[in-house]
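Novice: What follows is a predicted structure for the sequence shown.
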Amino acid sequence: MIDISTPQKAATIGFQESPVAQIVVRHRRIIEINREVERMFGYSRADLVNRSVQRLYPSTADFNQIGARCEKRMRASGDTYYEDERFMQAWDQKIFWVRAKGTTLSPEDPFSMMIWSFEKIVDKTYRSVDLSPREREVAHHLVNGRTSREIGVSLSISHRTVEVHRARLMRKFNVKNTAALVSEIVHAF
């Protein structure tokens, strides 16, 4: 039987068993996670607690850029809440879209203590651009800086086919190079 005899015990059970993935961070280091984080990201609690939240991002650049954007917005507005959509990465290197929502418990220093929730976005459409399932797969690899050859190996297609998909993505997003394409995909959300 679950012990909810005190408000603290009930709150702990509520956090641990919440159907929403939640983490508590201090200066972008994870101090606690719930079971849904383990299910969503595939890491055990021991793999994440006392580690940088960077482990959950596809790249260091994503970690730095999203963190800077969040902190800048919160400091500029004085708001204690931040929300965006972004790529995150599971333990097996699979990348997926999430809606991230964070609240700071220390408005004067937003990263001093924050609580974050993550909701996987299953059938995400990209900026009103219709993408094929293969284009979505290629886009996920591109944001991680993988080459056409690496993407081809991962998806079991030729690197030339990857280049065709990349060209289609660039046309659909109306950009001239891969850097601008990645920027459109990542920073649009």
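Specialist: Happy to help now that I have it. Residues are numbered from 1 along each chain as shown.
Novice: C-alpha only now, for contacts and for neighbours.
Specialist: Will do.
Novice: so who does the nearest residue to residue 34 once chain neighbours are set aside touch?
Specialist: In space, residue 34 comes closest to residue 16 once its chain neighbours are excluded; the distance is 4.5 Å by Cα to Cα, 6 or more residues apart in numbering. Counting by Cα atoms under 8 Å, 6 or more residues apart in numbering, residue 16 touches 33, 34, 35, 36.
Novice: do the same with residue 93
Specialist: Counted by Cα under 8 Å, 6+ apart, residue 93 has contacts residue 58.
Novice: Apply 6 Å and report the result again.
Specialist: If you count contacts by Cα atoms under 6 Å, 6 or more residues apart in numbering, residue 93 has none.
Novice: just residue 52 next, same as before
Specialist: Under the criterion of Cα under 6 Å, 6+ apart, the contact list for residue 52 reads 28, 29.
Novice: What is the nearest of the contacts of residue 16 to residue 112?
Specialist: residue 33 (16.7 Å; Cα to Cα).
Novice: Distance-wise, check that closest one relative to residue 116.
Specialist: As judged by Cα to Cα, to the nearest Å, residue 33 and residue 116 stand 10 Å apart.
Novice: What of residue 73?
Specialist: 16 Å.
Novice: Which of those two has more residues huddled nearby?
Specialist: Each of residue 73 and residue 116 has its neighbours counted (other Cα atoms under 10 Å); residue 116 has more, 19 against 15.
Novice: Give the residues shared as contacts by residue 33 and residue 116.
Specialist: 22, 23.
Novice: Could you name the specific helix or strand carrying the residue nearest to residue 34?
Specialist: helix 7-17 (DSSP states H and E).
Novice: Tell me the first helix or strand C-terminal of that helix.
Specialist: Counting by DSSP H and E, what follows helix 7-17 is strand 21-26.
Novice: which residues of the chain fall in strands?
Specialist: Per DSSP state E, the chain carries strands over the ranges 21-26, 29-33, 81-89, 95-104, 114-120.
Novice: Go through those and pick out the most buried.
Specialist: Ranked by mean neighbour count under mean count of other Cα atoms under 10 Å, the strands of the chain are led by strand 21-26, which reaches a mean of 22.
Novice: List the buried residues in the helix holding residue 16.
Specialist: Going by neighbour count (16 or more other Cα atoms under 10 Å), the buried part of helix 7-17 is 15, 16.
Novice: Off-centre distance for it?
Specialist: 25 Å (Cα atoms, centre = their mean, to the nearest Å).
Novice: Ok, stretch 89-105 next?
Specialist: So, by Cα atoms, centre = their mean, the centroid of stretch 89-105 is 3 Å from its chain's centroid.
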